[in-house]
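Peer 1: Quick one, structure for this:
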Amino acid sequence: MNRQALVGAFVLGGTGLLVAAFVLFGNFHPFARTTKAVLVFHGASSGLAVGSPVTFRGVQVGAVDRVVIEYNPVTKDAYIPVYVTMRPDDIILTNSSHRLPNLEELIRQGLRGEMNLKSFVTGTSEIDLDFSPSTPAVFHPDIAHVTEIPTRQSTIAAMTQSLQDLPLKQIGENADATLASVRQLSDKLDKDLPALIQSIRETSDHSRDMVDATRKAITDFEPAITRTLLSVDRLANAGTSQLDARGRELHAVLQSSNEAVQQATKSLANLENMTSPRSADRTNLEASLRDIAAAASALRGFATDVEHNPQLLLTGRRQ
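Peer 2: Numbers count the residues shown, from 1 in each chain. Sure, this is the predicted structure:
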């Protein structure tokens, strides 16, 4: 009898310790206030299982209760509702005068959930909650029978989707075509490059010979070019001296020409004054011309008389 009581006490104590450990270290809190919710994902949920943590910015606020698959045979589409239990008592308000908003109010304020990888080693996942008012709230009333927390695509899921959307087959084909082109180019270079190198080498040798010949010609012509430049310099100096000397003579000629022009201008002015109708010189000249004309007329008459009577030269004209 004592042995049975001892065994019963031992079993009862072990059960109590097991319940205490489950309450302290597990997610079972029989005396805590809890809130049920569901998150509907449209994609893979690898690593997510019952008991996976539900966190808000890294702080655990609940756990996953159930993960199911909702399949629509008409559309042949599958959704994964994840039922969670959250403990609002773990949230403490800064101002105790305000009441704690319920889950519906938090959802209206922008509460969203996403599934992220918890550990790369174990491959386990977790549900992360955060506020994202810019993310549209998409609900599934036909699937969710409790309060639904809208979901958003995680960064890892977006990267995975981007990698899945990459045209890997086309990229591989393009890479193969590129490698084939590179191989053809390499083969062509292997075939044509030696001849090209030989041609470049011959061209280089020819260019070197031309440079050497040019250098030798320049060296040979350098004395002649120097003498020519000295002759040109002397010619330029002589030309400069001649121009200086002829410049002085040309200046004297121009000055004399200027004086002659001035004298001619004065003579023309005097001639203009003499030929003017009101000029006294012109009046005297006209009178002298009239007198000369009268004398010529008298002389002509005397010549006529002498022609008729030559004795007039001896006797003279009688009055």
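
Peer 1: Could you list every helix and strand that the helix or strand where Q262 lies packs against?
Peer 2: Following DSSP states H and E, the helix or strand that holds Q262 is helix 168-274. Counting contacts by 3 or more CB pairs under 8 Å, 6 or more residues apart in numbering; DSSP states H and E, helix 168-274 packs against helix 280-308. In short, each C-beta sits where N, CA and C put it, glycine included.

Peer 1: residue ranges with poor pLDDT in the stretch 51-200 of the chain?
Peer 2: For the stretch 51-200 of the chain, applying pLDDT under 70 flags the ranges 89-98, 156-165.

Peer 1: Tally up the residues packed near K169, please.
Peer 2: Per other CB atoms under 10 Å, the neighbour tally for K169 reads 8.

Peer 1: what angle sits between the helix holding Q262 and helix 280-308?
Peer 2: Here helix 168-274 runs at an angle of 60 degrees relative to helix 280-308 (axes from the mean of the first three to the mean of the last three CA atoms, to 10 degrees).

Peer 1: Can you give the distance from helix 168-274 to the centre of its chain?
Peer 2: 39 Å (CA atoms, centre = their mean, to the nearest Å).

Peer 1: Equivalent analysis for stretch 35-51, please.
Peer 2: With CA atoms, centre = their mean, you get 49 Å for stretch 35-51.

Peer 1: Check which residues of it are buried.
Peer 2: 35, 37-41, 45, 47-48 (16 or more other CB atoms under 10 Å).

Peer 1: What's the end-to-end length of that stretch?
Peer 2: In stretch 35-51, first residue to last residue: 15 Å (CA to CA, to the nearest Å).

Peer 1: that older thread, among the buried residues of stretch 35-51, which are located in strands?
Peer 2: Among the buried residues of stretch 35-51, the members falling in strands (DSSP state E) are 35, 37-41.

Peer 1: For V232, state which of the residues you listed is nearest.
Peer 2: Checking these against V232 by CB to CB gives F41 as the nearest, at 96.8 Å.

Peer 1: Mind putting the buried residues of stretch 35-51 into a markdown table with pLDDT and distance to K188?
Peer 2: A markdown table is the format used below for the buried residues of stretch 35-51 (pLDDT from 0 to 100; distance: CB to CB, whole Å):
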| residue | pLDDT | distance to K188 |
| --- | --- | --- |
| T35 | 86 | 73 |
| A37 | 92 | 67 |
| V38 | 93 | 65 |
| L39 | 92 | 60 |
| V40 | 91 | 60 |
| F41 | 89 | 55 |
| S45 | 76 | 54 |
| G47 | 80 | 52 |
| L48 | 87 | 56 |
